[in-house]
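**Student:** Give me a 3D structure for the following:
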Amino acid sequence: MNRFLQYTIGIIFSFCFMTVLLFTSVEAAVYWIPGYFEAEYTKYNVTEAVSMTMEDLLDVTDQMMAYLKGNRADLHVPTTMGGVEREFFNAREIAHMEDVRGLFLGGISIRRGCLMIMALCVILLFLLKTSFKSTFPRAVCAGSGLFFAASAVIAFIISTDFYKYFVLFHQMFFKNDLWMLDPSTDMLINIVPEGFFRDTVFLIGLIFFLSVLSLISICLFLIHKNGKNSK
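**Tutor:** A predicted model of the protein is given here:
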């Protein structure tokens, strides 16, 4: 019974760890990679679409990303477009980005909660006098494998029709139609076209895959090492 409890706690730990890695992969893709937005804007000719210099466009992007992370109070961002000074975001875009920020900050809160659960799991395993060299790596490896397998299936399904599931995502997580923007009046959809989202989702998946692969490799190494030492 005690061993079953140890494995259960270990799997809960690994599920939380996978969730932390997933949300961190999102953050890494859009915040930690130097020049990512500039490269995407160049790829999709965004400066021409919005009649802005790259410098002004990147400044607007910095303000937008700071807002999403809660480091800016509002999204009233003055800039120059086509030689004319104006607010970059209109009322509809600002309202939609308020919803997006809610999701983003919610993800950060979930990650923080998962970290707390992980800490609690470690404390419980210590109280149960778990042999971390044997039980813990196996449980984490099993839990991580299950989570990753489910993620891989979802990723494959999404890859079969990205636009369909992109729309479904918005319908699931937004309670209004503010996300349905018009390229002729809403600049937000022009700076982050569908191709940008596709590239970003792929990048998030790649970062997540490499992170999980590293974690599972470490667990397998510890299991193998412990197996040798026990002989």
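
**Student:** All the helices of the chain, in order from the start?
**Tutor:** 2-27, 36-43, 46-50, 54-68, 91-127, 135-160, 162-173, 188-191, 194-229 (DSSP state H).

**Student:** Ok, which of those helices comes nearest residue 81?
**Tutor:** Closest to residue 81 of the helices of the chain is helix 46-50 (C-beta to C-beta; 6.1 Å). Every residue, glycine included, has its C-beta placed from N, CA and C.

**Student:** Quick check, pLDDT for the most centrally placed residue in the chain.
**Tutor:** The centroid of the chain falls nearest to residue 26 when counting by C-alpha atoms, centre = their mean (2.2 Å). Residue 26 is assigned a predicted lDDT (pLDDT) of 97.

**Student:** Tell me which of the helices of the chain sits nearest to residue 83.
**Tutor:** Nearest to residue 83 among the helices of the chain is helix 54-68; the distance by C-beta to C-beta comes to 11.1 Å.

**Student:** And stretch 180-194, end to end?
**Tutor:** Start-to-end span of stretch 180-194 (C-alpha to C-alpha, to the nearest Å) is 12 Å.

**Student:** How many residues are close by residue 86?
**Tutor:** Using other C-beta atoms under 10 Å, residue 86 has 12 other residues around it.

**Student:** is it true that it touches residue 79?
**Tutor:** Yes - with contact defined as C-beta atoms under 8 Å, residue 86 and residue 79 form a contacting pair (7.1 Å).

**Student:** Run through the residues that contact residue 20.
**Tutor:** By C-beta atoms under 8 Å, 6 or more residues apart in numbering, residue 20 lies in contact with 111, 114-115, 118.

**Student:** Now residue 208: closest residue in space that isn't a chain neighbour?
**Tutor:** For residue 208, the nearest residue in space outside its immediate sequence neighbours is residue 25; the separation is 4.1 Å by C-beta to C-beta, 6 or more residues apart in numbering.

**Student:** Next, the contact list for that neighbour, please.
**Tutor:** Applying C-beta under 8 Å, 6+ apart, we find residue 25 in contact with 204-205, 207-208, 211.

**Student:** one step back: how about the helices of the chain in TSV, adding distance to residue 74?
**Tutor:** What follows is the helices of the chain, written out as TSV (distance: least, C-beta to C-beta, whole Å):
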stretch	distance to residue 74
helix 2-27	22
helix 36-43	21
helix 46-50	20
helix 54-68	7
helix 91-127	8
helix 135-160	33
helix 162-173	22
helix 188-191	15
helix 194-229	24
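
**Student:** do you know which of those lies nearest residue 182?
**Tutor:** Residue 182 sits nearest to helix 188-191 of all the helices of the chain, at 7.4 Å, using C-beta to C-beta.
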